[in-house]
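return a 3D structure for these sequence lines:
(2 chains)
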Number of protein chains: 2
Amino acid sequence: MSQTKQVNRQFLLASRPVGAPVRADFNLVETAVPAIKEGEVLLRSVYLSLDPYMRGRMSDAKSYAPAVELGEPLVGGAVCRIEQSHNPDFVVGDWVVAFAGWQDYAVSDGQSLLKIDASLAHHSYALGVLGMPGLTAYMGLLDIGQPQAGETVVVAAATGAVGSLVGQIAKLKGCKVVGIAGGAEKCRYAVEQLGFDFCLDHKSENLAEQLSKACDNGIDVYFESVGGKVFDAVFPLLNTKARIPVCGLISQYNATELPEGPDRLSMLMGTLLVKRIKAQGFIVFDDYGDRYNEFSEAMGEWLSDGKIKYKEQIVDGLENAPSAFIGLLQGENFGKLIVRVGPDNLQ
Amino acid sequence: MSQTKQVNRQFLLASRPVGAPVRADFNLVETAVPAIKEGEVLLRSVYLSLDPYMRGRMSDAKSYAPAVELGEPLVGGAVCRIEQSHNPDFVVGDWVVAFAGWQDYAVSDGQSLLKIDASLAHHSYALGVLGMPGLTAYMGLLDIGQPQAGETVVVAAATGAVGSLVGQIAKLKGCKVVGIAGGAEKCRYAVEQLGFDFCLDHKSENLAEQLSKACDNGIDVYFESVGGKVFDAVFPLLNTKARIPVCGLISQYNATELPEGPDRLSMLMGTLLVKRIKAQGFIVFDDYGDRYNEFSEAMGEWLSDGKIKYKEQIVDGLENAPSAFIGLLQGENFGKLIVRVGPDNLQ
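Residues are numbered from 1 along each chain as shown, chains lettered A, B, ... in the order given. Next up is the predicted model:
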């Protein structure tokens, strides 16, 4: 069924995935649309963002954010329309970004809602290029990566929501940009549309060799969001004083145990030492939430000047969120993955 | 034989150590005292510094500095007296710090010599608390570690040349300091003399448990110079937003192969990510040489105010340098290890 005014469809966490999530880990239920109290608003999700970090929230391993409890709705950012308001700061018809989760309706006291500029042509952009992935790319690359003109920046998941922006911002800063992506089509897009200097297919057998050839002056900034084989190819090419913003490790999210040895932990630390490398993890809203306006201004200008290109893959219908998310972890999406949960105006 | 005016004793690298260096890797030869040309000075070594980084220079693995060639003198910093000068900037009797190596005499064009303040009571301090180890402790802790009052700082090799200063500076900054050192005597010294809050013996079987108890609020800064078992004990206790200045990995320097698996590389990266940790290697003179004066002023004041204590272990005679160095890599020294190569005034 589609979104209605009477029913709140919710995806609850049915079981914690072992390895890759499967459809049975998500339980679709129908509940009543919640009632709101004084000071609250009723949110209706129109666009739901699907992002790799959600895999972490499905596990109960200690992490930076609490896990979703079994039987609770999956979490996620969404572009929502205010359908009812008992809060003087919001009127019916306002558009906001909210951490509303995988469901049609949510209640908020208004505190953590971010209003969307009415002039924004694509409301869904608030979940991507102008939202969390955009801020992640901007701050991770510029604040931690500190790219200098002429340096070589390598970005994994190069056509993903974050990676595609990292590479384009690095080009705007005068860097040589080498992307790594899955498959020839994505690689072609990165070079022809996004303007990367090279883009290599991580599925090819001689990735390390190709990367070494593309990065003939070594690697100064590696924007890490993948890990695994991609990091192994990058690692020996890192230059003295290289910077590694650690944004994600998508290749490891479904791992159930540590890889076989030898144990390269001390080798990694030794390389940080002798090459004087900085590796730094970050969680964008915790570390850089206070610099959202700076980002938003810069990115808004690049977008309107046509200097940044942005691609979305919009999946229709909340019921398709689990399969789209499972595919995201396999790299099947092409561009920022968004679920169209309901229409702009629900009759 | 002792130092003379006629002979230049030199320790040459006879063979590259496999694992721990042995005496046969060092070859003591006697050569002529070199002659100097216009613009040059003749340096006579009085104090030779022995430091863990020298182990790296004995290997031909790619590192931040070129390896010592077989048959060449071992490298090292020394406090030297100018014995002859054809350079207008130096007169006979001047004292300098030079990268003069494991030998009695060296020639310099004056470019990289650092004059020692005539008022310095202990000339050898220019190789320790006021030299490279001091600058390493100061910059690694303050610039990379950024300790805040009330935070917990853990320092490995806690009574070593660098570690003892790291801990004392952290105390001056209002931190709780937990040292890790080898043996009860060193640990007692760290607490009773250096003022650390705790110091744990890395030879004890339950180091991880003791460390967890001592760091009841987790670890905010870990000054890494050891690696191996010590890092393993520190790793699970690192707090969100922890900083790891990576200064050395002495436990690994004699390693001939990687440890057995599982491979924890991705686990380390994953922890950097979810805890938003910064790990950063540094090589002090390359990264912070231009801030020597700032350091020198601060440290000089702390020393003269009695706020920083400093301990040297002075070994007599160049001929004893190899065994002292071999012991250094095993943690046998207690305080900054210095070789007294010759007298202040050689008759």
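
wait, A:S108 sits on A:D94?
No. Under the criterion of CB atoms under 8 Å, A:S108 is not in contact with A:D94, lying 11.5 Å apart. (Each C-beta comes from the backbone N, C-alpha and C, glycine too.)

in terms of neighbours, single out the busier of those two.
A:S108 (21 against 18; other CB atoms under 10 Å in any protein chain shown).

so how far is B:L28 from the residue of the stretch 151-300 of chain A found nearest chain B?
Residue nearest to chain B within the stretch 151-300 of chain A (CB to the nearest CB): A:G261, separated by 1.5 Å. According to CB to CB, to the nearest Å, A:G261 and B:L28 sit 41 Å apart.

which one of these two has more residues nearby?
Neighbours were counted for A:G261 and for B:L28 using other CB under 10 Å; B:L28 has more, 17 against 13.

and what about that one, helix, strand or coil?
Three-state call for B:L28 (DSSP: H, G, I helix; E, B strand; the rest coil): strand.

wouldn't it be in contact with B:E319 here?
Yes. In this structure, B:L28 is within contact of B:E319 by CB under 8 Å, at 6.6 Å.

between those two, what contacts are shared?
Common neighbours of B:L28 and B:E319 (criterion: CB atoms under 8 Å, 6 or more residues apart in numbering or on different chains): B:R9.

please enumerate the helices of the stretch 151-300 of chain A.
Remark: helices assigned in the stretch 151-300 of chain A by DSSP state H, counting those that start in this stretch are A:163-172, A:184-192, A:207-214, A:228-234, A:265-275, A:284-288, A:292-304.

just name the most buried of these.
helix A:163-172 (a mean of 26; mean count of other CB atoms under 10 Å in any protein chain shown).

list the contacts for A:L114?
A:96-98, A:126.

what's the closest of the helices of the stretch 151-300 of chain A to B:G160?
Nearest of these to B:G160, taken as CB to CB: helix A:265-275 at 16.0 Å.

wait, does the closest one contact chain B?
Yes. Residues of helix A:265-275 are located near chain B by CB under 8 Å from any CB of the partner chain, namely A:265-275.

please enumerate the strands of the stretch 101-250 of chain A.
A:105-108, A:114-115, A:152-155, A:176-181, A:198-201, A:219-223, A:238-246 (DSSP state E, counting those that start in this stretch).

for those strands, which has the smallest mean pLDDT value?
Here the lowest mean pLDDT among these goes to strand A:114-115, at a mean of 92.

before we move on, back to that, switch the residues of helix A:265-275 next to chain B over to CSV; also include pLDDT.
Converted to CSV, the residues of helix A:265-275 next to chain B look like this (pLDDT from 0 to 100):
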residue, pLDDT
A:L265, 93
A:S266, 91
A:M267, 92
A:L268, 94
A:M269, 94
A:G270, 91
A:T271, 93
A:L272, 95
A:L273, 92
A:V274, 89
A:K275, 93
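
if we only consider those, which is nearest to A:S2?
Nearest member of the residues of helix A:265-275 next to chain B to A:S2, counting by CB to CB, is A:L268, at 49.5 Å.

export stretch A:173-190 to CSV, keeping only CA atoms.
C-alpha atoms of stretch A:173-190 as CSV (Å, rounded to 0.1, in the frame of the first residue of the first chain):
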residue,chain,number,x,y,z
LYS,A,173,40.8,23.2,-4.9
GLY,A,174,43.2,22.5,-7.8
CYS,A,175,44.1,18.9,-6.9
LYS,A,176,44.6,15.9,-9.0
VAL,A,177,41.7,13.5,-8.2
VAL,A,178,41.7,9.8,-8.6
GLY,A,179,38.4,8.0,-7.8
ILE,A,180,37.8,4.4,-7.1
ALA,A,181,34.4,3.0,-7.8
GLY,A,182,32.6,-0.3,-8.7
GLY,A,183,32.2,-0.9,-12.4
ALA,A,184,33.0,0.8,-15.7
GLU,A,185,29.8,2.8,-15.8
LYS,A,186,30.5,4.6,-12.5
CYS,A,187,34.1,5.1,-13.5
ARG,A,188,33.1,6.7,-16.8
TYR,A,189,30.7,9.0,-15.0
ALA,A,190,33.3,10.1,-12.5
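
so how far is that stretch off the chain centroid?
17 Å (CA atoms, centre = their mean, to the nearest Å).

which elements pack onto the helix or strand hosting A:F325?
Per DSSP states H and E, A:F325 falls inside helix A:321-329. Applying 3 or more CB pairs under 8 Å, 6 or more residues apart in numbering or on different chains; DSSP states H and E, one finds that helix A:321-329 contacts strand A:336-340.

output the strand it packs on as CSV, nothing but the C-alphas.
Only the C-alpha atoms of strand A:336-340 are listed here, as CSV (Å, rounded to 0.1, in the frame of the first residue of the first chain):
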residue,chain,number,x,y,z
LYS,A,336,22.7,9.4,-3.5
LEU,A,337,20.1,6.8,-2.6
ILE,A,338,16.8,8.3,-1.6
VAL,A,339,13.4,6.6,-1.0
ARG,A,340,10.3,8.5,-2.1
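
neighbouring contacts of it?
Residues contacting strand A:336-340 (CB under 8 Å, 6+ apart): A:46-51, A:124, A:127-129, A:133, A:160-161, A:310-318, A:320-321, A:324-325, A:328.

pLDDT-wise, which helix or strand of chain A ranks last?
Lowest by mean pLDDT, DSSP states H and E among the helices and strands of chain A is helix A:284-288, with a mean of 84.

and the closest residue to A:V96 other than its chain neighbours, how close does it get to chain B?
What sits nearest to A:V96 in space, not counting adjacent residues and going by CB to CB, 6 or more residues apart in numbering or on different chains, is A:L113, at 4.3 Å. Distance from A:L113 to chain B, counting by CB to the nearest CB, to the nearest Å: 25 Å.

so for the most far-flung residue of chain A relative to its centre, what's the pLDDT?
What lies farthest from the middle of chain A is A:E38; by CA atoms, centre = their mean that is 34.1 Å. Predicted confidence (pLDDT) for A:E38: 97.

which SSE is it in?
A:E38 belongs to no helix or strand, assigned by DSSP H and E.

what sits against it?
Contacts for A:E38 (CB under 8 Å, 6+ apart) come out as A:H86.

which residues of the stretch 201-347 of chain A lie near chain B?
Contact residues, the stretch 201-347 of chain A versus chain B (CB under 8 Å from any CB): A:224, A:227-228, A:231, A:240, A:246-249, A:252, A:255, A:257-283, A:286-287.

domains in chain A, by residue range?
With domains defined by automatic domain parsing, chain A comprises A:7-128+A:311-340, A:133-287.

which one of the strands of the stretch 101-250 of chain A is the most hemmed in?
Buried most deeply of those, by mean count of other CB under 10 Å, is strand A:152-155, with a mean of 30.
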